[in-house]
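Undergrad: missing the sequence, but the structure's below:
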Ligand code: TLP
């Protein structure tokens, strides 16, 4: 049976070139700073985002946690969007390991109102924790891959500057955001003190994310990575793929976005589903199930039997994600199957 895996872009397998590069990558012990391939990837990531330094980390979750730890002290507070990945999906690492308290702001499609962010910043008062970080997610996963408007980022930046607070970007899908805005990733990165972006999603590397920022920040981050057990040895095997992710894979994202739109429009034309097409900005499609008697879990199971893999999102939605291992023909095939469900 043909399987079409739309659960996530994390399921992408390495490209042929990546397999080739893995075999040939010059290696060394990266904890000693000796792996030339990791060093090359870190320099490339820093240059691509126009920042001083970068650090190769095993996962996006670890990259975000290290960023929170490097920007804060235990007992401080960080401002986060209510549906952000750091708040919802990272097993409370920021609270448990970094020891910070989240101040959550409910955004509109993941976009925080700058006024509410400013109101969330604590005054200097003996009773209050110090606010030390604002986190933004772009694209916003729970909002269905929606892109944060550039003027919103500018407004948040000016607040952060006014209050001398750092800003971190969970840019797991930063390159999808830049593709949708038709801008350079540097333009988005410019608003932030640190950025995490994933190599292992639409950019198709098997493993790894990058943490990017200033020299001091990355020096602290490198030590924290070691403390958390993320100091890797001949990591150039993986970094070799990451180099190709940055050099070659961003152009694939345009295709992924086009496929997501075709999928969204096709599903919206079917009687059982609806998709808010205005909210399909990138490679994620949140699909609403019209029949409220059918739960998302039930639907996902039914689809699985027919070879279409998806993730439930709440009770009434499923999430479909396009990526390089799902081609246009697969999208049309998936639509046919969905019509028969
Ligand atoms: N997201 C995964 C799941 O964890 C939900 C997915 O399938 O979308 N930030 C954002 C915005 C993410 O979407 C993810 C992964 C991460 C961070 C964490 O990255 P990893 O999986 O590398 O730890």
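TA: It's in. For clarity, every value in this text was computed on a predicted model and none was experimentally measured. Numbers count the residues shown, from 1 in each chain.

Undergrad: make it CA atoms for all contacts and neighbour counts henceforth
TA: Noted.

Undergrad: count the residues that sit near residue 232.
TA: For residue 232, the count of nearby residues is 17 (other CA atoms under 10 Å).

Undergrad: quick one: residues contacting it.
TA: Contacts of residue 232 were listed using CA atoms under 8 Å, 6 or more residues apart in numbering, and they are 29-31.

Undergrad: same check on residue 250?
TA: Contacts for residue 250 (CA under 8 Å, 6+ apart) come out as 175-176, 179, 203.

Undergrad: and after the longest helix seen in the chain, which helix or strand comes next?
TA: Counting by DSSP state H, the longest helix found in the chain is helix 250-268. Sequence order places strand 273-274 as the next helix or strand after helix 250-268, per DSSP states H and E.

Undergrad: show me what from the chain comes close to the ligand.
TA: Proximity of the chain to the ligand, by CA under 6 Å from any ligand atom, involves residues 8, 10, 59-61, 85, 141, 170, 172.

Undergrad: how close does the residue of the stretch 151-300 of the chain at minimum distance from the ligand sit to residue 197?
TA: Nearest residue of the stretch 151-300 of the chain to the ligand (CA to the nearest ligand atom) works out as residue 172 at 4.8 Å. Noted for residue 172: a distance of 4 Å to residue 197, by CA to CA, to the nearest Å.

Undergrad: same question, residue 247
TA: For residue 247, the distance to residue 197 equals 14 Å [CA to CA].

Undergrad: who has more neighbours, these two?
TA: A direct count of neighbours by other CA under 10 Å for residue 247 and residue 197 places residue 197 higher, at 24 against 14.

Undergrad: so is the more buried one in a helix, a strand, or just coil?
TA: Under DSSP: H, G, I helix; E, B strand; the rest coil, residue 197 falls in the strand class.

Undergrad: tell me what it is bridged to.
TA: Taking DSSP bridges as the rule, residue 197 bridges to residue 210.

Undergrad: among the contacts of residue 250, who's most crowded?
TA: Most surrounded of the contacts of residue 250: other CA under 10 Å gives residue 203, at 31 neighbours.

Undergrad: for it, give me phi and psi.
TA: phi -80, psi 0 (degrees, to the nearest 10).

Undergrad: what sits against the residue nearest to residue 101 when sequence neighbours are not counted?
TA: Once flanking residues are discounted, residue 101 sits nearest to residue 77: 4.7 Å by CA to CA, 6 or more residues apart in numbering. Contact analysis of residue 77 by CA under 8 Å, 6+ apart lists 100-103, 129-133.

Undergrad: 10 Å instead?
TA: Counting by CA atoms under 10 Å, 6 or more residues apart in numbering, residue 77 makes contact with 95, 99-103, 120-122, 128-134.

Undergrad: what residues are up against the residue nearest the centre of the chain?
TA: With distances taken as CA atoms, centre = their mean, residue 172 lies nearest the centre of the chain, 1.9 Å away. Listed by CA under 10 Å, 6+ apart, the contact partners of residue 172 are 59-61, 63-64, 85, 137-141, 195-202, 209-210.

Undergrad: tell me which helix or strand it sits in.
TA: Following DSSP H and E, one finds residue 172 outside all helices and strands.
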